[in-house]
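# sequence isn't available, so here's the structure alone:
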């Protein structure tokens, strides 16, 4: 069964708060523990706010699955979701849309494809999130994309018009909670992995 999560629940409080060691902003960096290929999903985080990168790390690395996550996965994917165990996430961080596009292309060449991309709706002074997604999909149309947006940002209709498709596109309203981020990452990564391992599909890592 196809999964289409257009808009997340009502916005919640961002409770992941930490002191931040931002480091250089002009190069991507990775985090996460190595795991078996079938248990790992590579996730791209594109956001111009260094503090949010730390929030994503705290929300996705080492976090236990929410109690209702398996139920949510079963609702959208049926019993086939049980064929993939709890995932390890490998995070790759960039701060501009142009960097995200370069990183997607580089990983494609290395056969290290992204399963999910969390893309900020606005990343001044460079490309906005929608244009970034449009160009990412020109390189790899299978990536599941979550655009983080405030209520005053792009509407769903405007987003669809500019991107040109709804399949694989999801909106996450800001401010968002850690549980929302983790649910999106887990469900969409498993959807991507299941498609990659289906008969007739390539099995890239």
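Alright, I've got the coordinates. All figures in this text were calculated on a predicted structure; none of them were measured in a lab.
# quick check: longest helix in this structure by residues?
Criterion DSSP state H: the longest helix present in the chain is helix 178-196.
# that helix - contacts with which helices or strands?
Counting contacts by 3 or more CB pairs under 8 Å, 6 or more residues apart in numbering; DSSP states H and E, helix 178-196 packs against strand 40-46, helix 50-60, helix 69-77, strand 116-120, strand 144-149, strand 169-173. C-betas here are computed from N, CA, C, even on glycine.
# that's a helix at residue 108, yeah?
Yes. Counting by DSSP: H, G, I helix; E, B strand; the rest coil, residue 108 is located in a helix.
# sorry, back to before: quick one, which of the helices and strands packed on helix 178-196 is nearest to residue 98?
Taking CB to CB, strand 40-46 is the member of the helices and strands packed on helix 178-196 nearest to residue 98, at 9.8 Å.
# need the helices and strands packed on helix 178-196 in JSON lines (columns: mean pLDDT and mean neighbour count).
Shown next, in JSON lines, are the helices and strands packed on helix 178-196 (pLDDT from 0 to 100; neighbours: other CB atoms under 10 Å):
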{"stretch": "strand 40-46", "mean pLDDT": "94", "mean neighbour count": "24"}
{"stretch": "helix 50-60", "mean pLDDT": "92", "mean neighbour count": "20"}
{"stretch": "helix 69-77", "mean pLDDT": "47", "mean neighbour count": "16"}
{"stretch": "strand 116-120", "mean pLDDT": "97", "mean neighbour count": "26"}
{"stretch": "strand 144-149", "mean pLDDT": "93", "mean neighbour count": "25"}
{"stretch": "strand 169-173", "mean pLDDT": "90", "mean neighbour count": "20"}
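# next, count neighbours for residue 134.
Counted with other CB atoms under 10 Å, the neighbours of residue 134 add up to 17.
# sorry, that was for residue 175
Quick note: residue 175 (other CB under 10 Å) scores 12 neighbours.
# just say helix, strand or coil for it.
coil.
# dump the helices and strands packed on helix 178-196 into TSV; add distance to residue 155 as well.
Formatted as TSV, the helices and strands packed on helix 178-196 follow (distance: least, CB to CB, whole Å):
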stretch	distance to residue 155
strand 40-46	21
helix 50-60	22
helix 69-77	24
strand 116-120	16
strand 144-149	9
strand 169-173	9
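# of all these, which lies closest to residue 88?
Using CB to CB, these put strand 40-46 closest to residue 88, at 4.8 Å.
# so what strands line up beside that closest one?
Sheet pairing for strand 40-46, assigned by DSSP bridges, gives strand 88-94 (parallel), strand 116-120 (parallel).
# ok, residues contacting the shortest one?
The one in question is strand 116-120. The contact list for strand 116-120 (CB atoms under 8 Å, 6 or more residues apart in numbering) reads 41, 43-49, 52, 56, 97, 100, 104, 129, 132-133, 136, 143-148, 172, 181, 184-185, 188-189, 192.
# nice, that's everything, thank you.
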